[in-house]
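[1] Mind folding the following:
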Amino acid sequence: MIYVTGFFSCDRYEFEFLLASWLLLPFTDGAGIAYDYITKPFIAPIAQKVKRKMEGWASVFLVVVNASYLWIVWFALLNLPDEGRRFLTICLGTIYPMAASTVAITTESQTREARFWLTYWACYSILFVAMDYLENFVGSIRGFYSLCALATLYLFLPMFQGADIIFRRVLVPLAVQHENLLLYDAYLVRLDLEQSIPEKQRERVLARAASVFAHMLTKSE
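    All right, here's what the predicted structure looks like:
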């Protein structure tokens, strides 16, 4: 009873820490449990509808962005109160990306899209932590949330592909994972090649390619 009372009396940050730990720790596998019992059966169908509706608005938004060079986003955020700017900035970085990534990970044929959104979340998490920390000092300055919103747009808009650029040029070198990234890129190239081969000839062509590569490796040694 004491443990239950202590759990419900914990503050918001303690609850967030416990929830995040449950989701990411391997032995709890909270994210996997949530995916199997909540995300895939209940959230994914809703996310597909949200993604379809928002993609229609997104196409209009992209036209506006291309025509106005993003100044309209800056102007709109400057005329909102602090809480409104913060709320809009977070919504911009989470609602559509959440729907799109949910659809991607629950659809087997969208491997590349799922990889892009995984890359986006890796970059956006750093941006969000930086924004959450810096707003205590410079959040009241006009233009702070506008810069955060523009950085978010840079990360996920197709015209920029910012998440992929930041991931490859900053995060991968910092994590010393450049070799693994090259191997994964080679794996994606292999998948594309396999899909381009007619199914009737795929087994024979792949066997022939494997023998050629094996011969090349033997010759190089």
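[2] State the next helix or strand along the chain beyond the longest helix seen in the chain.
    Taking DSSP state H as the assignment, the helix of the chain that covers the most residues is helix 111-138. Towards the C-terminus, the helix or strand next in line after helix 111-138, according to DSSP states H and E, is helix 144-156.
[3] got the end-to-end distance for stretch 15-31?
    16 Å (Cα to Cα, to the nearest Å).
[4] Quick check: mean pLDDT of it?
    Mean pLDDT, stretch 15-31: 87.
[5] And for stretch 170-180?
    89.
[6] Straight-line length of that stretch, end to end?
    15 Å.
[7] Flag every buried residue along it.
    Residues of stretch 170-180 classed as buried by neighbour count (16 or more other Cβ atoms under 10 Å): Leu171, Val172. For the C-beta atoms, the positions are set from N, CA and C on the backbone; glycine is no exception.
[8] how far is that stretch from where the chain is centred?
    Computed by Cα atoms, centre = their mean, to the nearest Å, the chain-centroid distance of stretch 170-180 equals 17 Å.
[9] hmm, back to that, avg pLDDT for the longest helix of the chain?
    The model assigns helix 111-138 a mean pLDDT of 90.
[10] repeat for stretch 193-202
    78.
[11] and the angle from the longest helix of the chain to helix 144-156?
    170 degrees (axes from the mean of the first three to the mean of the last three Cα atoms, to 10 degrees).
[12] Quick check: Ile105 touching Ala114?
    Yes: taking Cβ atoms under 8 Å as the definition, Ile105 is a contact partner of Ala114 at 5.0 Å.
[13] Tell me where the chain has helices.
    Along the chain, the stretches classed as helices by DSSP H are 2-8, 12-24, 30-34, 44-68, 71-78, 82-105, 111-138, 144-156, 162-166, 172-175, 178-196, 199-220.
[14] So what touches the last one?
    The list of residues contacting helix 199-220 from outside it, by Cβ atoms under 8 Å, 6 or more residues apart in numbering, reads Glu194, Ile197.
[15] 10 Å - rerun?
    With contacts defined as Cβ atoms under 10 Å, 6 or more residues apart in numbering, helix 199-220 is touched by Arg190, Leu193, Glu194, Gln195, Ser196, Ile197, Pro198.
[16] Tell me the pLDDT of Ile165.
    92.
[17] from memory it sits against Phe116, does it?
    No: taking contacts as Cβ atoms under 10 Å, Ile165 lies outside contact range of Phe116: 11.8 Å.
[18] mind giving me the domain ranges of this structure?
    Domain segmentation of the chain under automatic domain parsing yields 2-176, 177-221.
[19] and the first one, how far from the chain's centre?
    It stands for domain 2-176. Using Cα atoms, centre = their mean, the offset of domain 2-176 from its chain centre is 7 Å.
[20] swap in the shortest one?
    In terms of Cα atoms, centre = their mean, the gap separating the centre of domain 177-221 from the centre of its chain is 28 Å.
[21] any idea of the pLDDT on Gly56?
    63.
[22] Actually, Val63.
    56.
[23] Now the longest helix of the chain: buried residues?
    114-117, 119-124, 127-128, 131, 135.
[24] This completes my enquiry, with thanks.
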